[in-house]
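**Q** Model the following, please.
(chains A and B)
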Amino acid sequence: MNDVERPAVEGAVIDLERLIEMANQIGDFFAPYPPERAREGLRNHLRTYWDPRMRNALLEHIDAGGDGLDIRVIDAAQLLREKAADKSGYYGPPQA
Amino acid sequence: MPNPRKPERETITICAYCGVGCGFKAETIGNEIVRMTPWKEGKANHGHSCVKGRFAYDYWCHPDRIKTPMIRDSIEEPWREVDWDEAFAHAARELKRIQGKYGRSSVGGVSSSRCTNEEIFLTQKFVRAVLGNNNIDNCARICHSPTQFGLSATVGAGAASQHFDSILQADVIMVVGANPTEGHPVFGSMMKRRIRQGAKLIVIDPRRTETVDSPHCRADVHLALRPGTNVAILNSIAHVIVRENRHDPEFIKSRCEWQEFEHWAELVGSEEYSPDKIGPVAGVDPEDIRRAARIYSTGPRSTIYYGLGVTEHSQGSTGVMCLGNLGLACGMYGREGVGVNPLRGQGNVQGGSCLGSWPHVFSGYRFVTDDATRKSFEAEWGVELDSEPGLRLPNMFDAALTGHFKGMYIMGEDPVQSDPNQNHIIAALRNMECVIVHDLFLNETSKFAHVFLPGSSSLEKDGTFTSAERRIGRVRQVVEPLAGYQDWEVTMKLMNAMGYDVEYAHAGEVLDELARLSPAYSGASFELIDRVGSVQWPVNSDAPEGTEVLHTQEFPRANGLGTFMLTGFVPTRERVSDQYPLLLTTGRILTQYNVGTQTRRTANSQWHPEDVLEMSLGDMQTRGLRDGDSVTITSRFGSTRLKVVESVRVNPGVVYTTFHHAETKANAVTSDLSDWATNCPEYKVTAVEVTKVTSSKQCQAKTSVTRPAQRERQVEEIAVVEEVST
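**A** Numbering: from 1, shown residues only, chains lettered A, B, ... in the order given. Down below sits the predicted model:
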């Protein structure tokens, strides 16, 4: 990519409260799926639709205790770390 | 009345308004348009038109049009007129400076569905190839992004499954959250024709719309649900279908993922979604839910048309999935007279969606994270591209507030007026260092802009539009661009000024490039469209003249099968309370178009000089209101002022307004809640209270406690801009 450095701006890219709300809404959607599939669905959604800075802010918030986050989101974010190399997105029901 | 002057020339083009995409003959004398007549060969309209396309075209030469580029160093300064070269150089210098200081991802762009496919494609190319990130979005984000998401998930293609004419084969027509007789009138007329021939009509809409009851149009069942309960109602309809074995096992077994069907049937078949449970939640008679389910599943050819009443909710994408699920469960896909079809608001929303103005997908809905796809674009464009998804439009504004997003190219959009929670948007724009507005008129957003690039209307340029029925048609230049350039040329020259060397002799060359990079458009060209009139995608070697009905053999998913998504009902957080006991929802009227930028600058304004608030008699009486009273509408987010009128079209507890006039400021009250999947704003559900304005002083924005103090000042500042003469 070109040589412009990443930003020197501090802090979460989006207000944390808003980010938490968005993440929990995604958690609510996948709630009817069996737990393993819900995790994968959540992970895939965050991986495919969230700017990396938004994902990082979420992960950092989880490292700091994850206050306000649905347990499903915290679980799925773990998968985001474990499968960091898997970038491919897909449409449709969660796999796994 | 004098005889009309005899036109010297006629040019076939497409209407600039709704997603029906009517063909028109623009008749001119010199550089003056004297008449627009509907084109008999137009495959969407067959010679019909509505009062907007036929008469509302004079905006193109309205005195408000800006013809010279302008720049300024800060938004406190007045605009300074400059020549094009200086404007491009200034914009390029600023974008580079910002990227140097805040990083590559600190800038982005948004394109409009009033622009052509070629312009939308070029805007994404500008952001991806020149700015070097994926911070590119389009206005479908705030209307039909859930369509792309929800239909892609279930049937693999985020677009209408049918052509408009297909409705003439339908036995049952289900309209959900749309009012085609007003919003898509030429299609609405075709729908009425079929109803006159005996087709049954089911309408799901909080309001007794003209589609529910007007000449030639009467719903057999109207579910006047409470705003925000679409998913509950649609699941309940599915409940009846599954419990009464009204689904189509043969179709599901041969065309769908059977196991996913079983999961879905278990969810919607549960007691939770029985009509007796959901009826009271949604405020409808359980028996009506059963009747709707029985009529839809009986068919034999049932079709669904839906609009923003489905998508603009916190569960917008889930609502669209519900419709996909229903169509699949009853075998209503893959032939004439059936299907699931979004009615799109703007002339080119489908094109805006197809051509890669999204932060996560290239044209053809292929993920930026996919290496093979990205490489095909890198090969064509000669630069390395970002492999991570970018910021979506609302995320850009959010990131501007935290100082991470500093510059933006806004092509043909007015986020301050059209995006939700107006004050949030204004604060975000104030935090940016270079806002480039490319538009016909100065608008609300340009008050916060640093560069203004004058745009060209669709009467002044060449290109293509893709209508709501996937129809790609030619926009042809009728008159010379007032500011000298067609919009695609402006984007190209901005790319050049940034140091990216690219040259197109005409818009057809951009179409050729996008056809190479978008599978569904691979066969499209000016030459083909000139020859056959218009084509519906996919247009490719298998379908050289396009495709009318999708999914006839298989669904465009990896295994070729349709699938079912689990659509649990999650009530929106926006709820009524003692303080805000009414639900506000919004819609449109026949003679005006969206926020009115175009139609209000024509004589059409005489039919609809102002927006009014519709309210039931009971709600008016308890508040001591009379017809024509001025009222203040207050939500948790802000307030605005309108005239109230008694209406039998809304149920008690629900109020309704159109949003065609800037003074209405509907978005001063709308919330910033959004769809879980796409961030499409929840425009259709806002808890409000309505109070009588007793003196003129009182109407001056008394806003709720959640609004920062500075907001009031900003609202007052922007209140007047859009005043226009008619």
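**Q** Can you pull up the most central residue in the chain?
**A** No chain specified, so I'll use chain A. The centroid of chain A falls nearest to A:Leu46 when counting by Cα atoms, centre = their mean (4.0 Å).
**Q** try again with chain B
**A** B:Cys143 (3.8 Å).
**Q** list the helices and strands the helix or strand containing the residue nearest to the centre of chain A packs on?
**A** Using DSSP states H and E, A:Leu46 sits in helix A:35-49. The contact analysis (3 or more Cβ pairs under 8 Å, 6 or more residues apart in numbering or on different chains; DSSP states H and E) places helix A:35-49 against helix A:16-30, helix A:52-63, helix A:71-82. Just so you know, the C-beta spots here come from the backbone N, C-alpha and C atoms, and that holds for glycine as well.
**Q** For the lowest-mean-pLDDT helix or strand in chain A, list every residue counted as buried.
**A** When each helix and strand of chain A is scored by mean pLDDT, DSSP states H and E, helix A:71-82 comes last, with a mean of 92. Within helix A:71-82, the residues that count as buried by 16 or more other Cβ atoms under 10 Å in any protein chain shown are A:72-77, A:79-80.
**Q** And for stretch B:490-508?
**A** B:490-495, B:497-498, B:500, B:502, B:504, B:507-508.
**Q** which residues sit against it?
**A** The contact list for stretch B:490-508 (Cβ atoms under 8 Å, 6 or more residues apart in numbering or on different chains) reads B:84, B:88-89, B:91-92, B:95-96, B:116, B:118-119, B:122-123, B:125-126, B:129-131, B:383, B:409, B:411, B:438, B:453, B:455, B:461-463, B:485-486, B:488, B:510, B:513, B:525-526.
**Q** Mind checking which of these are in helices?
**A** The helices, defined by DSSP state H, take in B:84, B:88-89, B:91-92, B:95-96, B:118-119, B:122-123, B:125, B:488, B:510, B:513, B:526 from these.
**Q** List just the nearest of those residues to chain A.
**A** In terms of Cβ to the nearest Cβ, no member of those lies closer to chain A than B:Lys96, at 8.9 Å.
**Q** helices or strands up against the least confident helix or strand of chain A?
**A** helix A:16-30, helix A:35-49, helix A:52-63.
**Q** So the last one, near chain B or not?
**A** Yes. Residues of helix A:52-63 contacting chain B under Cβ under 8 Å from any Cβ of the partner chain: A:52-54.
**Q** From B:Arg366, how far out is the residue of chain B found nearest chain A?
**A** Going by Cβ to the nearest Cβ, chain A is nearest to B:Gly103 of chain B, at 3.3 Å. In this view, B:Gly103 and B:Arg366 are 26 Å apart by Cβ to Cβ, to the nearest Å.
**Q** From B:Val685, how far out is B:Thr585?
**A** Taking Cβ to Cβ, one finds B:Thr585 at 7 Å from B:Val685.
**Q** low-scoring pLDDT stretches of chain A, where are they?
**A** A:1-8, A:96 (pLDDT under 70).
**Q** Let's see that with 80 instead.
**A** Applying pLDDT under 80 to chain A picks out residues A:1-9, A:96.
**Q** re earlier: and B:Thr585 and B:Val685? Which one has more around it.
**A** Neighbour count, other Cβ atoms under 10 Å in any protein chain shown: between B:Thr585 and B:Val685, B:Val685 has more, with 27 against 23.
**Q** I'd guessed B:Cys61 sits against B:Leu482; true?
**A** Yes. Contact criterion Cβ atoms under 8 Å: B:Cys61 and B:Leu482 qualify, at 7.2 Å.
**Q** got a list of what the residue lying closest to B:Val107 once chain neighbours are set aside touches?
**A** Using Cβ to Cβ, 6 or more residues apart in numbering or on different chains and skipping residues adjacent in sequence, the residue nearest B:Val107 is B:Gly407, 3.9 Å away. Residues near B:Gly407 by Cβ under 8 Å, 6+ apart: B:94-95, B:98-99, B:106-108, B:432-436.
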